[in-house]
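Novice: need coordinates for the below:
(chains A and B)
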Amino acid sequence: MRLFFTLLKRELGGYFASLSGYVVIASVQLLLGLSFYSLVSVLNQEGSETPLAEFFYETLYFWLILLIATPVITMRTFALEKYSGTYETLMTAPVGDVPVVLAKFLGALGFYLVMWTPLLGCLWVIRQLTGDPSALEPGAAAGTALGILLLGCVYISLGCFTSSLTHSQIIAAMTSFAVGVGLYLLSFLAPSVSTLPGWFPKVLVGMSMMEHMRDFVRGIVDTRHLVFYASLTVFFLFLNCKAVESRRWK
Amino acid sequence: MNDSWMIEVENLTKRYGRQTAIEDLCFTVGRGEVVGFLGPNGAGKSTTMRILSSFTPASSGRALVAGFDVSHEPDDVRRRIGYMPENNPLHTDMRVREYLRFRARLKGLKGTRVRERVDVVLNQCGLEEVSAKMIGHLSKGFRQRVGLADALVHEPDLIILDEPTIGLDPNQIRSVRQLIKDLQGKHTVLLSTHILHEVEMTCGRVLILNQGRILASDTTLNLQKMLSGGGQVVAEIEAPEWELRQLWEGMPDVLEFNVSAMDGNYMRCALTPRDGVDLRLQVFESAVANGWKLRDLGRDGHSLEDIFVHLTRASRDEEEG
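Specialist: So this is what the prediction gives:
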């Protein structure tokens, strides 16, 4: 366990010691700011019954941040170490494959969560300005946060997996971006096929990221969604472990 | 299993697809030995070292480090080795002390022991003055020392260094070699290089590797002896030529000789001994007895370079013949 925390500390430290970490945070800040601006302008035009958080998640900015930022965060996890050769010193230290995979995953996830914290500030500002406590309902906010966390788990584990397949950070980022966008686009396919018979359309509907997220922002925590995100994350982490282990089969 | 061996390798083979990197390697390294792995690029040195550090598995065969099997007990092996891979990869975004602490913890050191050991290796490798600097800002020589300090930090039984002096300038090479020499006796060291001179200077024993096979394994001295059969002696003596010729003819241990004039009245005498006898003392004594001036007396040992060329050529001839 101590070993694991040593690795985790190094992973988190790596993000904050490099310029790329701050570039990611700054870019996300910019996108968050833009989305906040569009949110406020919508609210200025007319009142709405829709919870704020749902507004926010309906904007494209949210998905843009999720889809672009996660590959950029995760591309360095394995690919950079393989490229620079430190992977060899890491894997010849007495550490197992699983702690390495988990530390890299949780390190990236930690950075991802730090990256989202300004969002809380945005919601707080609205609440202060409007003086209306219902602008930021604790339930909805917590649900959104949980949704962001779980979606993050899926996309970060996907990114770590693609990073473990290659020496090149660019290839790692492009692959996880392509797969991630593919997963996201399934959501748009879902409505058009949901009326078709058979099991396949049902699976497609079940895979819809947006559907799963919608309940969360309303403050509904449904075990189906939890299981969905958790199993996808575990699946990618499993693949990641196998990819790390694969150097022993080659 | 023999306790006195640090490394035991039996019939180790590694194939990458169709290409065979090492074939049927067998060798042992005793505790406390400093052994040089010598061979041209692509001979299989790095592959063998990677297997020994349990980074990659062998295709067949067995390797034990301190009695532990590298493929079945990798954690036990890794705790006992300090491995510096080729090109010495380091986290350039960390500071020297911070990096060594991270590595020490990763290798299982705890609490105050981490600080203690990091301080010791910083001192041992002459890194105190740069301990607060970013590794990325260090010169190559210092980086190499950081790599060595990393390999040493958990006091491993066995230290594996893959090309530790590559890409350094002569002064840096000298200091790194001195560091390796200082490890002698305290640790078992296996280092690879394609610089023959380096092995001669730092290692007690040498394993010559070519095309994935071991060509020779012996002490550097024995290898020289084996090839030279007792070296030729060259002496520069101030004496009349005919007297010198007469003297050498009368000496039973001299098989062949060659006398040629040099500057002043000095003569250069090249003497080939019979049965590898060391002629130096006899030459010196006769010069003294005759009252001649002797300004140079030396014995040609073959350098490892000759041995290496000889062995690799021999193996090639064998294959062709």
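Novice: C-alpha only now, for contacts and for neighbours.
Specialist: OK.
Novice: so how many other residues sit close to residue A:40?
Specialist: 13 (other Cα atoms under 10 Å in any protein chain shown).
Novice: could you do residue A:203 as well?
Specialist: The number of residues near residue A:203, taken as other Cα under 10 Å, comes to 12.
Novice: so for it, what pLDDT did the model give?
Specialist: Looking at residue A:203, its pLDDT is 78.
Novice: before we move on, what about the one 10 residues further on?
Specialist: The pLDDT attached to residue A:213 in the predicted structure is 76.
Novice: now swap in residue B:56 and tell me
Specialist: 90.
Novice: residue B:4 reaches residue B:32, doesn't it?
Specialist: No: taking Cα atoms under 8 Å as the definition, residue B:4 is not a contact partner of residue B:32, at 9.4 Å.
Novice: got the residues of chain A near chain B?
Specialist: A:3, A:6-7, A:10, A:14, A:17-18, A:84-86, A:88-89, A:91-96, A:247-250 (Cα under 8 Å from any Cα of the partner chain).
Novice: residue 204: neighbouring residues, count only.
Specialist: Looking at chain A here, since you left the chain open. Residues near residue A:204, counting by other Cα under 10 Å: 18.
Novice: should've been chain B
Specialist: For residue B:204, using other Cα under 10 Å, the count is 16.
Novice: what does residue B:309 give?
Specialist: Count around residue B:309 with other Cα under 10 Å applied: 10.
Novice: neighbour count: residue B:4 and residue B:32, which is higher?
Specialist: Neighbours per residue (other Cα under 10 Å) separate residue B:4 from residue B:32, with residue B:32 holding more: 18 against 13.
Novice: ok, the more buried one - contacts?
Specialist: B:184, B:185, B:186, B:187, B:188, B:189 (Cα atoms under 8 Å, 6 or more residues apart in numbering or on different chains).
Novice: buried ones from the residues you listed, can you make that a PyMOL selection?
Specialist: Buried residues within the contacts of residue B:32, by 16 or more other Cα atoms under 10 Å in any protein chain shown, are selected in PyMOL with:
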select buried, chain B and resi 184+187+188+189
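Novice: give the next helix or strand downstream of the helix or strand of chain A with the lowest mean pLDDT.
Specialist: Lowest on mean pLDDT, DSSP states H and E among the helices and strands of chain A sits helix A:52-58, with a mean of 66. Using DSSP states H and E, the helix or strand that directly follows helix A:52-58 along the chain is helix A:60-74.
Novice: using CSV, write down the CA coordinates of that next one.
Specialist: The C-alpha coordinates for helix A:60-74 follow below in CSV (Å, rounded to 0.1, in the frame of the first residue of the first chain):
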residue,chain,number,x,y,z
LEU,A,60,-21.5,21.1,-26.0
TYR,A,61,-18.7,22.5,-23.9
PHE,A,62,-19.1,19.8,-21.3
TRP,A,63,-18.6,17.0,-23.8
LEU,A,64,-15.8,18.9,-25.5
ILE,A,65,-13.9,19.2,-22.3
LEU,A,66,-14.5,15.5,-21.5
LEU,A,67,-13.6,14.2,-24.9
ILE,A,68,-10.5,16.3,-25.5
ALA,A,69,-9.1,16.8,-22.1
THR,A,70,-9.0,13.1,-21.1
PRO,A,71,-6.8,11.8,-23.9
VAL,A,72,-4.5,14.7,-23.3
ILE,A,73,-4.3,13.9,-19.6
THR,A,74,-3.8,10.2,-20.1
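Novice: for it, buried residues please.
Specialist: Per 16+ other Cα under 10 Å, helix A:60-74 contains these buried residues: A:61, A:62, A:65, A:66, A:67, A:68, A:69, A:70, A:71, A:72, A:73, A:74.
Novice: need the strands for the stretch 101-250 of chain B, in chain order.
Specialist: With DSSP state E, counting those that start in this stretch as the criterion, the stretch 101-250 of chain B has strands at B:158-162, B:188-193, B:205-210, B:213-219, B:233-238.
Novice: mean pLDDT lowest where, among these?
Specialist: strand B:213-219 (a mean of 82).
Novice: hang on, the earlier thing: dump the strands of the stretch 101-250 of chain B to a markdown table, plus distance to residue B:312.
Specialist: Listed next are those as a markdown table, based on distance: least, Cα to Cα, whole Å:
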| stretch | distance to residue B:312 |
| --- | --- |
| strand B:158-162 | 21 |
| strand B:188-193 | 16 |
| strand B:205-210 | 7 |
| strand B:213-219 | 8 |
| strand B:233-238 | 27 |
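Novice: what ranges of the stretch 201-321 of chain B fall below the confidence cut-off?
Specialist: Where the stretch 201-321 of chain B drops to pLDDT under 70, the residues are B:224-231, B:276, B:300-307, B:314-321.
Novice: name the residue of it with the shortest distance to chain A.
Specialist: residue B:212 (18.2 Å; Cα to the nearest Cα).
Novice: am I right that that residue is in contact with residue B:19?
Specialist: No: under the criterion of Cα under 8 Å, residue B:212 makes no contact with residue B:19, lying 10.6 Å away.
Novice: more neighbours: which of the two?
Specialist: residue B:212 (22 against 8).
Novice: contacting residues around the more buried one?
Specialist: Residue B:212 touches B:20, B:21, B:22, B:23, B:25, B:43, B:44, counting by Cα under 8 Å, 6+ apart.
Novice: for it, phi and psi?
Specialist: Per-residue torsions, residue B:212: phi 80, psi 10 (degrees, to the nearest 10).
Novice: kindly report the same for residue B:91.
Specialist: Dihedral angles for residue B:91 - degrees, to the nearest 10 - are phi -80, psi 100.
Novice: gap between it and chain A?
Specialist: Per Cα to the nearest Cα, to the nearest Å, residue B:91 is found 7 Å from chain A.
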